[in-house]
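S.K.: Sequence and computational prediction follow.
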Amino acid sequence: MTPTEIKAKAQAIRDREEIYNLDLHKRILKAWRILRPKMWANLKENGTAEDLALVLQVAMWNAVDQYEKAGMPPTDARELAEREWLMMEPENEPEPINLNP
């Protein structure tokens, strides 16, 4: 998604007055700042961090609903949707430690 598309989607969500979780929104932004510094710098530079966090959170909640309708338990549905949509894991996986010098 381009910055323009992200901003447009976020504005559409705001226009619909769609409800989202403010605590989760803050947690997403904090995770990106700490775990994804390259992405965070890019989002801050183009002014889309807040908007992308909103757009992805709404997408995550939609995925949770779909997974639950398909029969997945609520906790599993949320965990899977968070992993798929919120990008809260580190940008680069740490190098494995070699225990055999």
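M.R.: Alright, I've got the coordinates.
S.K.: What distance do you get for R33 to A70?
M.R.: 33 Å (Cβ to Cβ, to the nearest Å). Heads up, the C-betas are built off the backbone N, CA and C, glycines and all.
S.K.: scratch that, E79
M.R.: 15 Å.
S.K.: more crowded one of the two?
M.R.: Using other Cβ atoms under 10 Å as the criterion, E79 and A70 rank with E79 on top: 14 against 8.
S.K.: Checking E89 next. Helix, strand or coil?
M.R.: Recorded secondary structure, E89: coil (DSSP: H, G, I helix; E, B strand; the rest coil).
S.K.: Please disregard the earlier target; I meant G71.
M.R.: coil.
S.K.: same thing with I28?
M.R.: helix.
S.K.: How confident was the prediction at it?
M.R.: Note on I28: pLDDT of 96.
S.K.: same thing with A41?
M.R.: The per-residue pLDDT of A41 was computed as 94.
S.K.: Any idea how many residues pack against it?
M.R.: 12.
S.K.: and if you look at the one 5 residues further on?
M.R.: When counting by other Cβ under 10 Å, one arrives at 15 neighbours for N46.
S.K.: Just give the nearest non-adjacent residue to it, would you?
M.R.: Using Cβ to Cβ, 6 or more residues apart in numbering and skipping the chain neighbours, the partner closest in space to N46 is P3 (4.4 Å).
S.K.: That neighbour and A49, how far apart?
M.R.: 11 Å.
S.K.: So for these two, which residue has more residues nearby?
M.R.: Neighbours were counted for P3 and for A49 using other Cβ under 10 Å; A49 has more, 20 against 15.
S.K.: hang on, the more buried one packs against K30?
M.R.: No: using Cβ atoms under 8 Å, A49 makes no contact with K30, being 11.0 Å away.
S.K.: Now name the helix or strand holding E17.
M.R.: Under DSSP states H and E, no helix or strand contains E17.
S.K.: Give me the neighbour count for it.
M.R.: Going by other Cβ under 10 Å, the residues that sit close to E17 add up to 6.
S.K.: same thing with the one 4 residues further on?
M.R.: Summarising burial for N21: neighbours were counted as other Cβ under 10 Å, giving 12.
S.K.: So what's the residue count around the closest residue to it other than its chain neighbours?
M.R.: Distances taken as Cβ to Cβ, 6+ apart put Q57 closest to N21, at 6.8 Å, once the chain neighbours are dropped. Using other Cβ under 10 Å, Q57 has 23 neighbouring residues.
S.K.: Since that was my last question, I'll sign off now.
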